[in-house]
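Student: kindly return the folded structure for what I paste below:
(chains A, B and C)
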Amino acid sequence: MSIGYACLVLGEGNTAFSRCLLKNATDDNIRSITLTNLLALENIIDYNTKNNITLFRISSDIIPFGSHPINKLNWQAEFSETLSRIGEKIKNAGIRVSMHPGQYTVLNSPIDKIADNAVAELNYHALFLDAILTDSKSKIVLHIGGVYGDKSKSIDTFLNNFYALPEFVKKRIVIENDDKNYTAYDVLKISEMAKIPVIFDNLHNMSNPSEGSNNQYDWIELCSKTWGKTDGKQKIHYSQQKPTGNKNAHSSTINIREFMDFYEELNDKNIDIMLEVKDKNLSAIKCINATNNSVSIGEIEKEWAGYKYLVLSCSASFYNDIRNMLKDKNNVDVISFYGIIERAMLLPENIGAQINAAEHIWGYVSTKCTPADKKRFEKLINGYKNNTVNVSSLKKHLLNCAIKQNVKYLKNSYYFYL
DNA sequence: TGACGTCAAGATCCG
DNA sequence: CGGATCTTGACGTCA
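Tutor: Alright, predicted model coming up:
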């Protein structure tokens, strides 16, 4: 089993993607952004390798306008060396990568131009996965598309357009139940006809449930049968609802207790779980550690190094609870460890705790900083005390100081990114 | 016509 | 000028 995350990394430098607008999409711009993005991807792969993360979704934005006629570059040839170097790293680390064109790639659109664009987009995704030397276990996740007032006709359109795809694209396609049109039942029916593996998405299944009495574990079991030998392990999408607002919005972090309840109910644990969550890699590491019965205290101490200032900035007493918990190195309850961190972050903003944490961090950078940085820190912290400055401004300045002085221990602290 | 979702780029405003 | 904050873009569907 692997647990992974989508597209971007929090708390690690040189992993951010660049983009350009259509009006700026010159060959030179596309070329330089492509290179930036490939090097960012390489850093992400290195990060995943270091953190034992073996499931990852590559952003569709990796090649700017990858399926758009404005991009005339032969990027596969131009960047072949970098692409195959990244591919080798992915293979050596045993990472399974995938891609997922968004809700605007609609293969079954009745408008020819839009369906053609979808074909071009799927081609581009397959070309990219080919260029990094992955096999057919690296999938392209696709929704069925629109309904257009006639679901069975729209399913036929989907099937016809799917059959017409080139083989190198078709072998990578997997289909997913969506949040309003096609239920798990619908998608399985399509899978039966076209032999396409099915990704089950738990949150979509909640907002757009199938008829009948099957629960989500039944659907996962049914979907498992659609994954053949050349497709690799069954993969599902797992996310939790954001407590407030839109019911389809993803939560800021994975609640570990709720995840473990789900995980323990799975009939077959030999399954790949793609998390869809705002804090990305952080939730992936959390779930990987929580499901690893033999996780080392070293891994948890590494996590604590990431979270400690964040927890301190929310509550000194929760901070002390975790410190005490970690003293007994043979008996650390990983679920409780993450549970306290989650509870700390749900507390209302505690000005005293924020000031305490900011001054604590300031202690690491204050002696080597410039007078201007010192002045700015004092201005910001006084402003925060007087309620005229947002805590995020204070954090941003502290991060700038840590980056300038290259204090790695601080730079990677989750305090700055959540 | 605007809401939906995403997230960096671009624009604008402030000191 | 640097920083903070708001708006735009690129995609297609549906009410």
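Student: what ranges does the stretch 151-300 of chain A have for its helices?
Tutor: Along the stretch 151-300 of chain A, the stretches classed as helices by DSSP state H, counting those that start in this stretch are A:151-163, A:167-170, A:184-194, A:202-207, A:216-224, A:256-265, A:280-291, A:297-314.
Student: what's the third one packed up against?
Tutor: Taking 3 or more CB pairs under 8 Å, 6 or more residues apart in numbering; DSSP states H and E as the contact definition, the neighbouring helices and strands of helix A:184-194 are helix A:151-163, strand A:173-176, strand A:198-201, helix A:216-224. The way it works is simple: take the backbone N, C-alpha and C, and place the C-beta from them, glycine included.
Student: any idea how many residues pack against A:C369?
Tutor: Residues lying near A:C369 (other CB atoms under 10 Å) number 18.
Student: try A:N293
Tutor: Neighbour count of A:N293, defined by other CB under 10 Å: 6.
Student: what's the pLDDT at it?
Tutor: pLDDT for A:N293: 93.
Student: and what of A:K247?
Tutor: pLDDT for A:K247: 80.
Student: again with A:K329
Tutor: 89.
Student: helix, strand, or coil at it?
Tutor: Put simply, A:K329 is coil when judged by DSSP: H, G, I helix; E, B strand; the rest coil.
Student: circling back to that earlier point, nearest to DNA strand C, out of the helices of the stretch 151-300 of chain A?
Tutor: When these are compared by CB to the nearest atom of the strand, helix A:151-163 sits nearest DNA strand C, at 7.8 Å.
Student: residues contacting whichever residue of the stretch 201-350 of chain A sits closest to DNA strand C?
Tutor: Closest to DNA strand C within the stretch 201-350 of chain A is A:N208: 12.4 Å, counting by CB to the nearest atom of the strand. Residues counted as contacts of A:N208 (CB atoms under 8 Å, 6 or more residues apart in numbering) are A:177-183.
Student: JSON lines for the helices and strands packed on helix A:184-194, including mean neighbour count, distance to A:N123 and mean pLDDT?
Tutor: Compiled in JSON lines, those are given as follows (neighbours: other CB atoms under 10 Å; distance: least, CB to CB, whole Å; pLDDT from 0 to 100):
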{"stretch": "helix A:151-163", "mean neighbour count": "17", "distance to A:N123": "13", "mean pLDDT": "97"}
{"stretch": "strand A:173-176", "mean neighbour count": "22", "distance to A:N123": "11", "mean pLDDT": "98"}
{"stretch": "strand A:198-201", "mean neighbour count": "26", "distance to A:N123": "20", "mean pLDDT": "98"}
{"stretch": "helix A:216-224", "mean neighbour count": "19", "distance to A:N123": "26", "mean pLDDT": "97"}
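Student: now these in TSV, with distance to DNA strand B?
Tutor: What follows is these, written out as TSV (distance: least, CB to the nearest atom of the strand, whole Å):
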stretch	distance to DNA strand B
helix A:151-163	18
strand A:173-176	14
strand A:198-201	12
helix A:216-224	20
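Student: format those as a markdown table; extra columns: distance to A:I132.
Tutor: Compiled in a markdown table, these are given as follows (distance: least, CB to CB, whole Å):
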| stretch | distance to A:I132 |
| --- | --- |
| helix A:151-163 | 24 |
| strand A:173-176 | 18 |
| strand A:198-201 | 21 |
| helix A:216-224 | 26 |
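Student: circling back: just name the most buried of the helices of the stretch 151-300 of chain A.
Tutor: Per-stretch averages of neighbours, counted by mean count of other CB atoms under 10 Å, single out helix A:280-291 among those, with a mean of 23.
Student: which strands and helices lie in contact with the helix or strand where A:F128 lies?
Tutor: Per DSSP states H and E: A:F128 is located in helix A:112-131. Other helices and strands packing on helix A:112-131, by 3+ CB pairs under 8 Å, 6+ apart, are helix A:75-78, helix A:80-92, strand A:96-99, strand A:140-143, helix A:151-163, helix A:167-170.
Student: in it, what's buried?
Tutor: Of the residues in helix A:112-131, those with enough neighbours to count as buried (16 or more other CB atoms under 10 Å) are A:114-115, A:117-119, A:121-131.
Student: so how far is it off the chain centroid?
Tutor: Put simply, helix A:112-131 sits 22 Å off its chain's centre (CA atoms, centre = their mean, to the nearest Å).
Student: could I get the CA-only coordinates of that helix as PDB?
Tutor: The C-alpha trace of helix A:112-131 is given here as PDB (Å, rounded to 0.1, in the frame of the first residue of the first chain):
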ATOM      1  CA  ASP A 112     -16.500  18.700 -31.400                       C
ATOM      2  CA  LYS A 113     -13.900  21.400 -30.700                       C
ATOM      3  CA  ILE A 114     -14.200  20.700 -26.900                       C
ATOM      4  CA  ALA A 115     -13.900  16.900 -27.300                       C
ATOM      5  CA  ASP A 116     -11.000  17.500 -29.700                       C
ATOM      6  CA  ASN A 117      -9.300  19.600 -27.000                       C
ATOM      7  CA  ALA A 118      -9.900  16.800 -24.500                       C
ATOM      8  CA  VAL A 119      -8.200  14.300 -26.900                       C
ATOM      9  CA  ALA A 120      -5.200  16.700 -27.300                       C
ATOM     10  CA  GLU A 121      -5.000  17.100 -23.500                       C
ATOM     11  CA  LEU A 122      -5.100  13.300 -22.900                       C
ATOM     12  CA  ASN A 123      -2.400  12.900 -25.600                       C
ATOM     13  CA  TYR A 124      -0.200  15.400 -23.900                       C
ATOM     14  CA  HIS A 125      -0.600  13.700 -20.500                       C
ATOM     15  CA  ALA A 126       0.300  10.300 -22.000                       C
ATOM     16  CA  LEU A 127       3.300  11.800 -23.800                       C
ATOM     17  CA  PHE A 128       4.600  13.200 -20.600                       C
ATOM     18  CA  LEU A 129       4.200  10.000 -18.700                       C
ATOM     19  CA  ASP A 130       6.000   8.200 -21.600                       C
ATOM     20  CA  ALA A 131       8.700  10.900 -21.600                       C
END
